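Visitor: for reference, the sequence and a predicted model appear below.
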Amino acid sequence: MRYLLLGPVTVTGPDGPLPVAGPKRLAVLAALLLNANRVVSERKLSDLVWGNDPPSSVRGQIQVHVSELRKLLGRATIVRQAPGYLIVVGPGELDLHAFDEAVSRARDELEAGRPESAAERLRAILDTWRGPALGGVTEPLRALEGPGLNERRLSALEDFFDARLAAGRHVHTVGELRQAVGRHPFRERLQVQLMLALHRCGRTPEALQVYADTRARLASEVGIEPGRSLRDTHLRLLRDTTEGAAAGTAERAPDDGVPAPLPDGRTALSEQPPVPRQLPPDVPLFVGRNEQLESLDGLLAAGATTAVAAVGGGPGVGKTSLAVHWAHRVRDHFPDGQLYVPLRQYGPDGPALDPAEAAAGVLEAFGVPGARIPAGRAARFGLYRSVLAGRRVLIVLDDAQDAAQVRPLLPGVPGCLVVVTGRTRLIGLVAAEGARPVTLDPLSAREARELLAGRLGAARVAAEPEAADRLGALCARLPLALAIVAARAGTCPQFPLGALVEEMRDAGGVLDALDGGDPEIDLRAAFARSYRSLPPRAARLYRLLGLHPGPEVTPSLAAGLLGEPERRVRPLLAELGRAHLVTEEAPGRYHRHDLLRAHALELTLAQDTEEDRRAACHRLLDRPPHSAQGAAWPFHALGPAPVEPGRPGLSAPRRPPPVTAGCPGRRDGEG
């Protein structure tokens with residue numbers, strides 16, 4: 001099967017084109033294909049196909065269109081998966097996927113110094129466009145998704161011209177550039193490329209006239225001055241002309257693949273501001289998070305303001321993975337650059353990065369020399385916002401300490417999009433800057449099984465589905481914990497999954513089995529980072545909550561452990577909530593998973609005295625029965641009574657030899 005979106009929407013089978021009746025059915029198909037191999041909710045399908053005026057029977061109409069498409073394409077091609085539908089598309093079947101892959105390879109070739117190969121690849125893939133994207137679909141879908149697709153084509157066309165100029169083909173590129181500039185008169189990158197091509201052909205006066213015409217057009221029709229790149233190119237050409245005339249020379253660059261040198265030895269091409277592409281590699285085998293990805297997708301339509309998303313969730317839940325994965329999905333919407341800024345110095349356990357230092361790094365990424373970066377904070381942030389003005393840039397600010405660290409790094413004008421991840425809830429950004437909160441919980445049981453299947457193979461998981469589900473539960477369905485366990489299972493393919501479950505259940509140390517041997521993938525270290533952000537009284541409450549074996553915590557129970565009134569304990573629980581160490585699932589009812597409880601228990605055994613732990617248990621027992629959930633549970637802490645096998649006692653920590661992966665042997669710790 002072959003699906004075509006880059007022009008009129010078309011489906012081609014082994015025997016030729018397949019008939020898809022009507023613009024709405026085409027739009028349903030196109031909406032699914034734009035999100036190929038991902039679930040598209042019925043609500044999103046309604047918005048894409050019908051816009052703001054869906055019929056009252058919209059759900060039924062979606063079902064009818066999907067049913068007819070399944071008859072045409074095969075029932076296994078479009079799958080019903082809550083809360084919507086997913087279309088299965090294989091490698092090479094969708095022209096948009098082929099386009100994105102070719103453009104990415106060409107950009108890599110250009111950066112590696114192979115401009116001829118990059119230009120040929122880009123020329124070939126640009127020729128696959130058969131007209132404006134999404135032809136034949138409904139107007140709401142074309143209005144929402146069409147501009148982004150056409151922007152991707154135009155960005156690739158500009159990359160093609162860059163490659164041609166880098167290969168020294170300026171003589172043969174001038175004509176095409178003039179046509180492109182005529183179709184897109186406000187595209188300053190094209191104007192710069194045309195000026196450079198003309199200059200290298202010895203036609204510098206024409207290049208200067210391009211600038212004059214563009215400046216006049218911008219002033220009369222838009223009311224703005226040319227951007228920095230266009231102004232800098234103009235000044236370099238003026239300087240080259242003036243100095244060349246004074247020396248009595250007028251050199252013409254040969255069409256030999258070497259750009260014409262400027263008087264100071266640099267080339268005009270090398271002086272173009274770089275386009276930073278700093279995203280880390282995409283996350284392998286990313287699963288789930290459809291609701292959060294849709295929420296982030298909604299920010300692409302923001303035009304009046306700088307769009308900001310605040311991604312939060314507990315340690316190990318995959319905040320950075322989500323941000324990086326989504327950034328890769330939408331990077332072509334931001335042709336002027338994609339920035340990744342870690343807001344911690346020296347790794348995840350380091351101190352918070354000064355936002356002024358982060359701003360300096362961004363300025364350097366855009367080619368601002370260090371000598372021109374102001375020392376004063378106000379001037380530096382002003383230059384930072386000036387450099388981003390007029391550009392479409394995606395900025396990922398990872399592991400923010402608080403809103404105050406982020407605010408100076410928010411661009412001052414529309415066009416950019418900022419995704420912030422943080423260990424604590426960035427409520428200040430949501431309240432003051434209108435950031436969209438995106439919260440992550442542990443994966444569902446199905447998603448945890450899907451993650452294991454992706455890493456271990458579907459056949460191995462299908463052979464032991466119950467064991468796979470137990471592994472997920474023992475890992476609290478945290479992506480980080482599941483990845484560590486999958487790594488252990490992957491290195492021992494001869495082990496049944498059931499044996500790994502028993503190994504995890506029999507382990508004595510709760511988190512030793514989830515030590516990946518690297519601070520970046522050590523679950524205990526991830527918990528510790530969030531714990532260290534707590535003020536002392538909240539930290540003490542977190543530790544003592546390790547004495548309570550249940551997943552649910554109330555203000556009454558917390559007050560009993562601390563021996564304080566509930567009114568003084570509620571703010572401490574709120575602190576734990578801001579650090580994502582408990583989750584308030586209903587007013588006054590907090591939840592934490594077993595691995596956090598195990599971490600808290602380790603801390604109270606290591607840092608609190610036995611007397612403190614005994615006193616906390618006695619205080620809880622002294623409260624009225626209706627005030628302390630399951631108040632009989634701590635009796636074993638008050639004396640040398642037998643402890644349930646596999647559960648550490650309360651008088652001293654039991655630290656067995658670490659194992660490679662797994663979860664502690666707590667029979668009640670399986671979710």
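Guide: Happy to help now that I have it.

Visitor: report pLDDT for residue 383.
Guide: The model reports residue 383 with a pLDDT of 89.

Visitor: look up phi and psi at it.
Guide: With angles defined as degrees, to the nearest 10, residue 383 sits at phi -70, psi -40.

Visitor: what residues are up against it?
Guide: Contacts for residue 383 (Cβ atoms under 8 Å, 6 or more residues apart in numbering) come out as 363, 368, 373, 374. In short, each C-beta sits where N, CA and C put it, glycine included.

Visitor: so which of those residues sits lowest on pLDDT?
Guide: residue 368 (84).

Visitor: how many neighbours does that residue have?
Guide: One way to gauge burial is a neighbour count; for residue 368, by other Cβ atoms under 10 Å, it gives 17.

Visitor: over to the one 5 residues further on?
Guide: Residue 373 is flanked by 17 other residues according to other Cβ under 10 Å.

Visitor: quick one: contacts for it?
Guide: Residue 373 sits next to 360, 363, 364, 380, 383 when contact means Cβ under 8 Å, 6+ apart.

Visitor: with respect to residue 462, which of those is nearest?
Guide: Distance to residue 462 across the contacts of residue 373 (Cβ to Cβ) is lowest for residue 364, with 50.2 Å.

Visitor: so that closest one sits in a helix?
Guide: Yes. Assessed by DSSP: H, G, I helix; E, B strand; the rest coil, residue 364 belongs to a helix.

Visitor: measure the closest residue to it other than its chain neighbours to residue 393 for me?
Guide: Here the nearest residue to residue 364 in space, its sequence neighbours aside, is residue 370; by Cβ to Cβ, 6 or more residues apart in numbering that works out to 6.7 Å. Counting by Cβ to Cβ, to the nearest Å, the gap from residue 370 to residue 393 is 21 Å.

Visitor: between the two, point out the one with more neighbours.
Guide: residue 393 (22 against 8).

Visitor: list the contacts for that one?
Guide: Taking Cβ under 8 Å, 6+ apart, we find residue 393 in contact with 334, 336, 337, 338, 339, 411, 415, 416, 417.

Visitor: of these, which belong to strands?
Guide: Per DSSP state E, strands hold the following members of the contacts of residue 393: 338, 339, 417.

Visitor: re the thing from before, can you list the contacts of residue 393 in CSV and add distance to residue 221?
Guide: Below are those laid out as CSV (distance: Cβ to Cβ, whole Å):
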residue, distance to residue 221
334, 25
336, 22
337, 26
338, 30
339, 31
411, 24
415, 19
416, 24
417, 26
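
Visitor: now distance to residue 443 and pLDDT too, for the residues you listed, in a markdown table please.
Guide: Formatted as a markdown table, the contacts of residue 393 follow (distance: Cβ to Cβ, whole Å; pLDDT from 0 to 100):
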| residue | distance to residue 443 | pLDDT |
| --- | --- | --- |
| 334 | 28 | 90 |
| 336 | 34 | 89 |
| 337 | 32 | 91 |
| 338 | 27 | 93 |
| 339 | 28 | 95 |
| 411 | 33 | 91 |
| 415 | 34 | 83 |
| 416 | 31 | 90 |
| 417 | 26 | 93 |
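
Visitor: check these against residue 144 and report the nearest one.
Guide: Nearest to residue 144 among the contacts of residue 393 is residue 417, at 16.1 Å by Cβ to Cβ.

Visitor: nearest residue to that closest one in space, please, no chain neighbours.
Guide: Nearest residue to residue 417, sequence neighbours excluded (Cβ to Cβ, 6+ apart): residue 307, at 4.5 Å.

Visitor: ok, that neighbour - contacts?
Guide: Contacts for residue 307 (Cβ under 8 Å, 6+ apart) come out as 299, 300, 416, 417, 418, 436.

Visitor: for this protein, which helix is longest?
Guide: helix 139-166 (DSSP state H).

Visitor: quick one: the strands in the stretch 1-150 of the chain?
Guide: Per DSSP state E, counting those that start in this stretch, the stretch 1-150 of the chain carries strands over the ranges 2-4, 10-13, 16-17, 40-41, 78-81, 84-87.

Visitor: tabulate the contacts of residue 393 in JSON lines, adding columns for neighbour count and distance to residue 18.
Guide: Converted to JSON lines, these look like this (neighbours: other Cβ atoms under 10 Å; distance: Cβ to Cβ, whole Å):
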{"residue": "334", "neighbour count": "23", "distance to residue 18": "35"}
{"residue": "336", "neighbour count": "19", "distance to residue 18": "39"}
{"residue": "337", "neighbour count": "22", "distance to residue 18": "40"}
{"residue": "338", "neighbour count": "22", "distance to residue 18": "37"}
{"residue": "339", "neighbour count": "24", "distance to residue 18": "43"}
{"residue": "411", "neighbour count": "22", "distance to residue 18": "45"}
{"residue": "415", "neighbour count": "18", "distance to residue 18": "40"}
{"residue": "416", "neighbour count": "24", "distance to residue 18": "41"}
{"residue": "417", "neighbour count": "24", "distance to residue 18": "37"}
